[in-house]
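A.B. asks: test case, fold it:
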Amino acid sequence: MIAKHVPIRSVEKSNFSGLIKYLSDAQNKHERVGDIKITNCSADNLRAAVCEITATQQLNTRAKSDKTYHLLISFPTGEQPSKDVLKEIEERIAVGLGFEENQRISAVHHDTDNLHIHIAINKIHPIKHTIHEPYYSHKTLAELCTTIEKDYNLEVTNHITLKMGSESRAMDMECHSGQESLIGWIRRECLDDLKHAQSWEKLHTLLQQNDLAIKPRGNGFVFVSLGDEEVIVKASVIDRGLSKSKLEEHLGQFVSSQYHQEKENSNPKPKRSYQKKQLRTGIDTTELYARYKSELLKLSRAKEEKLKGEREKRDRVIRIAKRVNNLKRSAIKTMMTGRVSKKFLYSRVYAGFSKDMKKINSNYKKNKNRIHQKYKRNTWADWLRNEAVKGNADSLAVLRSREASTGLKGNTLKGVGKGAVNNQTVDSITKKGTIIYRVGKSAIKDDGVRLQVSKEATNEALKAALKVTIDRYGSHISLTGTTKFKKDIAKTAALSGLSVSFHDKSVQHQYQEFLTEVKNNERKRREVGSGINRRSNGIARGGNTNRTGYRDDGGDARVINDKYKSNIGGIGRKPPPESKNRLRRLSELGVVRIASGSEVLLQGHVFGNMEQQESQSADSLRRGVFGSGLTSEQLQASEKYIKEREEKRLNGFDILKHYRYNDFKGAVVYAGIRHIDGIALALLEYKKEVMVLPINIATEKRLKRVKIGELISIAKGTIKTSRGVRK
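C.D. replies: Take a look at the predicted model:
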C-alpha cells in the first residue's frame, strides 16, 4: 500500500471542482469509478458538496498557497480490499494527516492494474476558516501505511523513500509514458565512462560524443542535452560520484568547455544523442514507433492550423471592434458640443469597447483551450493503449512486454492450454496491457496469462470469469489465491453446470463433491415432483389417505407427514372440516363498511382473512398461454424486442425485465408503444417488470390518447381504459 500527496504542477492553484470532475468521470468505462464518499459536508450529493466546499475555500482570503490537498492511495497488484476496509483506510489516513474535521470527497478507481483511491481534501477548516498544511507528510504517510498494513493484514510495501526530486519524476515518466528519460539514458549509455574520466578534458570529450555538456548551476553541476530538445538534469541525481564536490576532488578545479558554443563549426558529429524514444523491450517496435511519430506530427500540424485560424479570427473581430469604436468617437466629436457631454459619451463608448474586447479575448481563450484538449499529444504508452483498444495485437504485445508489466496477482484463474479469441466486450486496457472485460454488471481483468475478478468476487462474477477462461484456454484451469477463493470457484463451477477440471487436486476433489451434491439435490427434486403428482391423483380420487410427501415453502424441499381428507371444497367455498358448524371469534372476522347505497363491494376490497377474497396472482409461477389468437409475425416481433431489451439489461443497462404477456388480469401501468418490423407492441409495467403485448391498429389508436404512467386494466389480452375497450 502506497499513500502519496499529488502536488499541483502549474502556476495556477488547483481547481477543486475540476479535480472532482476528473475523479467522478467514468470516461466511457464501466469499471473506472467505484464508490464515492462525501465527508464532513452538509450536502449529500456530489454537485452540492462541491459547491459547499468551493464556498468554504473562498471564505479564506489570506492563504496564498494551494487550498486543496490531493491524496492518492494505491494497493499492490491483485490486492482487492473490501468496501468497508477501503472506507476505514480512507478515514484513518485523513485523520492521521490532521484532516479529521475538514471536508473531503474520495473516489475509488478500478481502471488500472492497481486498485487506488483519490481523496480531494479541502485544507480550509469549515468552521475556523484556517488553512492546514501537513508537516513532512511523506513521513507521516509512511508510518500510517505501515500500521494499516499490519492491522488489516495487507501486503507489506517498502515505505522508505529511495528516490527524491527529479530522479523520482524521471522514473515516473518512464513508467507512465513508456519513453526514456535523460537520467535513465545517461545511466544506460555512458555513466561508467563518465565516472572513470581522469581529467576535465576527457570528461568534456566523453560528453561531446554523447551530445551532452556540463555546466555549473547554483552550488552544483547540471548535464544539458544538446539535441533537438534541450533537457537539463542535475548531475548528482544521475550518480553521487558526479556531484560537484566529488568531481572537483577527483579532477581538480572545474574547467569549462566551448563545445556547445562551437558545435556546428569544427567539432565532430556526436556518436549518439538523447532523444525521447520508447523504452527497449523484447519486441521490435520500429514500425509502431514510426507510426506514432507520424501521427504526432500530423496532430501538431493540425493543431497549429486550428490555432492560427483562431488567432486570425480574433484579430479580425478586434479590427472590426476598433473601427466601430473609432466611428462612434468621430460621430461624437463631429455632432456633439460641450466638453462635459463629450466626455460622458466618450466614457460610455469606451466602456462598451472594453466589454467587447473582454468578450473577444474570453472566446479566444475558450476556443484555444478546446483546441489544445482536442489535439492533445498522447504519450507512447497511451498511444499503444488506444491502438490495443482498436484491436491492434502488436500494440497489446508491446504493452505486456514492458518492464512495468508484472502480471496479475492474488485470486486469479489460469487456463492450462493455448489461448483462443474471445468475444467478450472490452471495457478498457491498462498501460500494462491488462484487458478489462465487461461481463454483465461484473468485470474481469486479463493479462494474457491469468484472469482476475475485479471488485468483490460475487457468484455471478466468478461464473463469468470461469466462462471467459474456458472460452480462451479450455476447460483445464489452474487457480492461485486464498483457500476460500478456490472453494468458491469449485462451488460456482458445480452449481453452474460447467464441465471443467482443475490443476490443483484438492480443488478438483472439492469440485467433485459439490457436483455430487448438486446431482443428489436434482434427483430429490425430481422425486418431489413425482410425489406431488401421485398425491394430487390420490386427492382427486377421494378418500382419507395417510402419505408421506414433500413440502416446498420456497426454501429446501423437505419430507413431511400429511393427512389428506376427502371432499374438501375449493378455497373460500366451504369451511374446512375442523371449523365446520363452529363459531369463530370476532377478531377472526373481517368487517367491511359500505358508506352509501350507491357503492358496491368488490372482491378486491375483502380482507385477507375473509372467505370470499379472490386468490392472488402469481405471474412468476404461471405458464403463459396467451397468444393463440396472434399471428406468427406478432409473436416474432414481440420476441425480437424482448431479446434486445434483455441483452442490454444483462450488459449493465438500467432496464426493467421484459417478458411476453401471459394472460395476466388486473391493473397495470401504461409504459408506451414500440414498433418492431411494422408490428405495434404495447408495454405494460407491473411490479417493476414490463409485459410486451402485440396489439392491432384500433387498440394502438386508442392507447395513443392514454398518458404514459396512467393506470389501465387488462384481462385475457383485452385492454380497458376509461374511454372504452379495445383488443
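
A.B. asks: name the SS class of the residue nearest to V692 when sequence neighbours are not counted, please.
C.D. replies: Leaving aside its sequence neighbours, V692 sits nearest to S638 (Cβ to Cβ, 6 or more residues apart in numbering; 4.9 Å). Backbone N, C-alpha and C define where each C-beta goes, glycine included. Following DSSP: H, G, I helix; E, B strand; the rest coil, we place S638 in the helix state.

A.B. asks: so S638 is in contact with A680, correct?
C.D. replies: No: using Cβ atoms under 8 Å, S638 is not in contact with A680, being 10.4 Å away.

A.B. asks: identify the contacts common to these two.
C.D. replies: P694 (Cβ atoms under 8 Å, 6 or more residues apart in numbering).

A.B. asks: these two: which has the busier surroundings?
C.D. replies: The residue with more neighbours, out of S638 and A680, is S638; 25 against 19, by other Cβ atoms under 10 Å.

A.B. asks: pLDDT at the more buried one, what is it?
C.D. replies: At S638, the predicted lDDT confidence score is 88.

A.B. asks: OK, contacts around it?
C.D. replies: Shown in contact with S638 (Cβ under 8 Å, 6+ apart): R660, I676, I679, L681, V692, L693, P694.

A.B. asks: what of Q508?
C.D. replies: Taking Cβ under 8 Å, 6+ apart, one finds A490, S501, F502 in contact with Q508.

A.B. asks: tell me which helix or strand it sits in.
C.D. replies: helix 505-541 (DSSP states H and E).

A.B. asks: confirm that R438 sits in a helix.
C.D. replies: No: assigned with three-state DSSP, R438 falls outside any helix and is strand.

A.B. asks: how many residues are close by it?
C.D. replies: 19.

A.B. asks: look up how far D677 lies from it.
C.D. replies: Distance, R438 to D677, by Cβ to Cβ, to the nearest Å: 29 Å.

A.B. asks: repeat for Q103
C.D. replies: 55 Å.

A.B. asks: the two: which has the busier surroundings?
C.D. replies: More neighbours surround Q103 than the other of Q103 and D677, with 25 against 10 (other Cβ under 10 Å).

A.B. asks: confidence score at the more buried one?
C.D. replies: 95.

A.B. asks: ok, it touching H125?
C.D. replies: No: using Cβ under 8 Å, Q103 is not in contact with H125; the gap is 9.0 Å.

A.B. asks: return the closest of the contacts of S638 with respect to T205.
C.D. replies: Closest approach between the contacts of S638 and T205, by Cβ to Cβ: I676, at 79.8 Å.

A.B. asks: over to that closest one: give its phi and psi.
C.D. replies: With angles defined as degrees, to the nearest 10, I676 sits at phi -130, psi 120.

A.B. asks: which residues does it form a beta bridge with?
C.D. replies: I679 (DSSP bridges).

A.B. asks: now for it, how many residues are close by?
C.D. replies: If we define neighbours as other Cβ under 10 Å, then I676 has 19 of them.

A.B. asks: hey, where'd the strands end up in the stretch 301-450 of the chain?
C.D. replies: Secondary structure of the stretch 301-450 of the chain (DSSP state E, counting those that start in this stretch): strands at 412-415, 425-429, 435-439, 442-446, 450-453.

A.B. asks: surely K342 meets A331?
C.D. replies: No: counting by Cβ under 8 Å, K342 does not reach A331; the two are 11.0 Å apart.

A.B. asks: those two: who's more crowded?
C.D. replies: K342 (15 against 12).

A.B. asks: how far away from the center of its chain is stretch 668-686?
C.D. replies: Computed by Cα atoms, centre = their mean, to the nearest Å, the chain-centroid distance of stretch 668-686 equals 33 Å.

A.B. asks: repeat for stretch 216-223
C.D. replies: That offset, for stretch 216-223, works out to 46 Å (Cα atoms, centre = their mean).

A.B. asks: next one: stretch 209-216
C.D. replies: 46 Å.

A.B. asks: show me this structure divided up by domain.
C.D. replies: Using automatic domain parsing, the domain parsing of the chain gives 2-151, 406-503, 632-726.

A.B. asks: of these, flag the one that's most buried.
C.D. replies: domain 406-503 (a mean of 19; mean count of other Cβ atoms under 10 Å).

A.B. asks: quick check: mean pLDDT across it?
C.D. replies: 76.

A.B. asks: stretch 708-716 now?
C.D. replies: Computed over stretch 708-716, the average pLDDT equals 83.

A.B. asks: now it, how far from the centre of its chain.
C.D. replies: 39 Å.

A.B. asks: which other residues reach it?
C.D. replies: With Cβ under 8 Å, 6+ apart, stretch 708-716 has contacts from 626, 661, 663-672, 684, 693, 706, 719-721.

A.B. asks: what's the span of it, first residue to last?
C.D. replies: 22 Å (Cα to Cα, to the nearest Å).

A.B. asks: before we move on, what about stretch 193-205?
C.D. replies: Note: stretch 193-205 ends 11 Å apart using Cα to Cα.

A.B. asks: ditto for stretch 226-237
C.D. replies: Counting by Cα to Cα, the length from the leading to the trailing residue of stretch 226-237 is 19 Å.

A.B. asks: in it, which residues are buried?
C.D. replies: Going by neighbour count (16 or more other Cβ atoms under 10 Å), the buried part of stretch 226-237 is L226, G227, V231, V233, K234, A235, S236, V237.

A.B. asks: tell me the average confidence for it?
C.D. replies: On average, stretch 226-237 scores 78.

A.B. asks: just stretch 25-40 next, same as before
C.D. replies: 85.

A.B. asks: contacts for it?
C.D. replies: Under Cβ under 8 Å, 6+ apart, the answer for stretch 25-40 is 23-24, 44-46, 49, 83, 86-87, 90-91, 94, 101-111, 126, 427-428, 436, 438, 443, 454-455, 652.

A.B. asks: next step: the residues you listed restricted to strands.
C.D. replies: R104, I105, S106, A107, V108, H109, D427, S428, I436, R438, A443 (DSSP state E).

A.B. asks: now render those as JSON lines, adding distance to I117.
C.D. replies: JSON lines is the format used below for these (distance: Cβ to Cβ, whole Å):
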{"residue": "R104", "distance to I117": "11"}
{"residue": "I105", "distance to I117": "11"}
{"residue": "S106", "distance to I117": "6"}
{"residue": "A107", "distance to I117": "7"}
{"residue": "V108", "distance to I117": "5"}
{"residue": "H109", "distance to I117": "7"}
{"residue": "D427", "distance to I117": "20"}
{"residue": "S428", "distance to I117": "19"}
{"residue": "I436", "distance to I117": "18"}
{"residue": "R438", "distance to I117": "22"}
{"residue": "A443", "distance to I117": "18"}
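
A.B. asks: nearest to K298, of these?
C.D. replies: Closest to K298, out of all of these and judged by Cβ to Cβ, is S428, at 25.1 Å.
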